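Colleague: Generate coordinates for the sequence data below:
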Amino acid sequence: MTRCHTLLLLSVLLTSGLQAMEVGEILAKARAILGTEQKLNAVQTLQYEGRVYGADGEQQDSLDLTFKKPNKQMLIVESDKMKRSTGVNGFEGFVEVIDKTDDRRSGIVVLDYNRVRHLMANSAENLYFFEGPYHRPGGSITYEGTQTVRGKECYKLRFAYACGLYYIRYFDMQTFALVSTINGENNQELIESETQTVGGIVFPSKVETYDEEGDLIRTVVFEKILINEQVDDSVFDFPEIPSSLKP
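Modeller: Prediction:
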C-alpha cells in the first residue's frame, strides 16, 4: 500500500513539474513576441488613448486608459452626452458618472471589495504581459491542453485570480502568438490585431469583442500608447464629491 501511494505521489509530482515547465515555456515564447524580458519588466505605467466603435462601425465613445504598477487603473469613456470614469487606487474603487445633459443623473458609486479586487487583477493583466496572476496573491496560470481556435491549433492556458476573475488564452502552437482570449466573467472573446510597436514592445492597435454566439459587440482602436510617462498617483484618487451632493 505504501509503495502504491509513493508511486502515485511521484506520478503527481512529475505531472505537475511537466505542466509547470510547459506553461513556463509557452509564456516565455509568447512574451518574446511582445518584447525582450528587460523591456517588458521595465514597464511601470501604460497609457492608452483610443476610440470605441459599435458593431455597425459607428464611433460611440473616446477612451482613455491608464495603468500604474502594481495595481492602479483609471478608465475614462466619454461621449457627447456622458462621461464615465472607473478607477482603483490599490485601496478603493469607484465609478463616477457625469451626465452632460442632466446633472441629476450624475453621481459617484463606491465599488465593493470584490469588484476592487477584479479591477486590481485587470491592472495586473495589462501591466505584466501574460504574467499577471503571478503578481497577485492566490493567482495561477495552468495548462489545459490543446484546442483548435479560429482555424489554428492552440495551447490553452487559464489565467486565474483569487477574486474569481479568470481569462482563457489560446496561443498558436507553431508561433506562440496569442490567437484569442476569453473573459471568464462574461464569456466574451477578445481578438487583438493590427499591431504597433512602442518603446520596443508590440501592442495591438485594434481589439474586437465578440459575444458567445460569435457576433461582434464592439471594436476598440488605440490611437496612442505611452509607456513609462510620469503618472501622478492623484490620477487614481477618489473623485471629490460635488457640493450639490454633500449633506
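Colleague: From now on I want contacts and neighbour counts done on CA atoms only, so please keep to that.
Modeller: OK.
Colleague: hang on, Ala177 packs against Cys154?
Modeller: No: between Ala177 and Cys154 there is no contact under Cα atoms under 8 Å: 9.3 Å.
Colleague: can you list residues touching both of these two?
Modeller: Phe171 (Cα atoms under 8 Å, 6 or more residues apart in numbering).
Colleague: Same drill for those two, tell me which one is more crowded.
Modeller: Set Ala177 next to Cys154 and count neighbours by other Cα atoms under 10 Å: Cys154 wins out with 24 against 18.
Colleague: distance of the residue nearest to the more buried one when sequence neighbours are not counted from Ile217?
Modeller: Nearest residue to Cys154 in three dimensions, chain neighbours excluded: Asp172, at 4.5 Å (Cα to Cα, 6 or more residues apart in numbering). Using Cα to Cα, to the nearest Å, we find Asp172 at a distance of 24 Å from Ile217.
Colleague: now Glu49
Modeller: 20 Å.
Colleague: cool, and Gln38?
Modeller: For Gln38, the distance to Ile217 - Cα to Cα - is 36 Å.
Colleague: Kindly report the same for Pro70.
Modeller: Distance from Pro70 to Ile217, by Cα to Cα: 30 Å.
Colleague: More neighbours: these two, which one.
Modeller: Between Pro70 and Ile217, counted using other Cα under 10 Å, the more crowded position is Pro70 (18 against 15).
Colleague: Check what pLDDT the more buried one gets.
Modeller: pLDDT for Pro70: 92.
Colleague: For this protein, which segments are assigned as helices?
Modeller: Counting by DSSP state H, the chain has helices at residues 2-34, 37-42, 113-127.
Colleague: and those, which one's lowest on average pLDDT?
Modeller: helix 2-34 (a mean of 64).
Colleague: Spatially, what comes nearest to Arg51 if we skip its sequence neighbours?
Modeller: Ser62 (4.4 Å).
Colleague: For the one you found, list each beta-bridge partner.
Modeller: Beta-bridge partners for Ser62, by DSSP bridges, are Arg51, Glu78.
Colleague: mind listing what it touches?
Modeller: Taking Cα under 8 Å, 6+ apart, one finds 49-52, 77-79 in contact with Ser62.
Colleague: nearest to Phe222, of those residues?
Modeller: Gly50 (4.1 Å; Cα to Cα).
Colleague: Leaving out sequence neighbours, find the closest residue to the closest one.
Modeller: Closest to Gly50 by Cα to Cα, 6+ apart is Phe222, at 4.1 Å.
Colleague: what's the neighbour count on the one you found?
Modeller: Phe222, neighbours per other Cα under 10 Å, totals 21.
Colleague: Surely it is in contact with Ser205?
Modeller: Yes: counting by Cα under 8 Å, Ser205 is a contact partner of Phe222 at 5.0 Å.
Colleague: related to what we said a few turns ago, per-residue confidence at the residue nearest to Gly50?
Modeller: On the pLDDT scale, Phe222 gets 97.
Colleague: With the one 3 residues further on instead?
Modeller: At Ile225, the pLDDT value in this model is 98.
Colleague: thinking Thr86 is in contact with Glu92, fair?
Modeller: No: counting by Cα under 8 Å, Thr86 stays clear of Glu92, with 11.0 Å between them.
Colleague: Isn't Lys39 up against Ile201?
Modeller: Yes: counting by Cα under 8 Å, Lys39 touches Ile201, with 7.0 Å between them.
Colleague: And those two? Which one has more around it.
Modeller: Ile201 (18 against 12).
Colleague: residues in contact with that one?
Modeller: Contacts of Ile201 (Cα under 8 Å, 6+ apart): 34-36, 39-40.
Colleague: End to end on stretch 198-216, go ahead and measure it.
Modeller: First residue to last in stretch 198-216 (Cα to Cα) measures 28 Å.
Colleague: With stretch 167-181 instead?
Modeller: First-to-last residue span, stretch 167-181, Cα to Cα: 7 Å.
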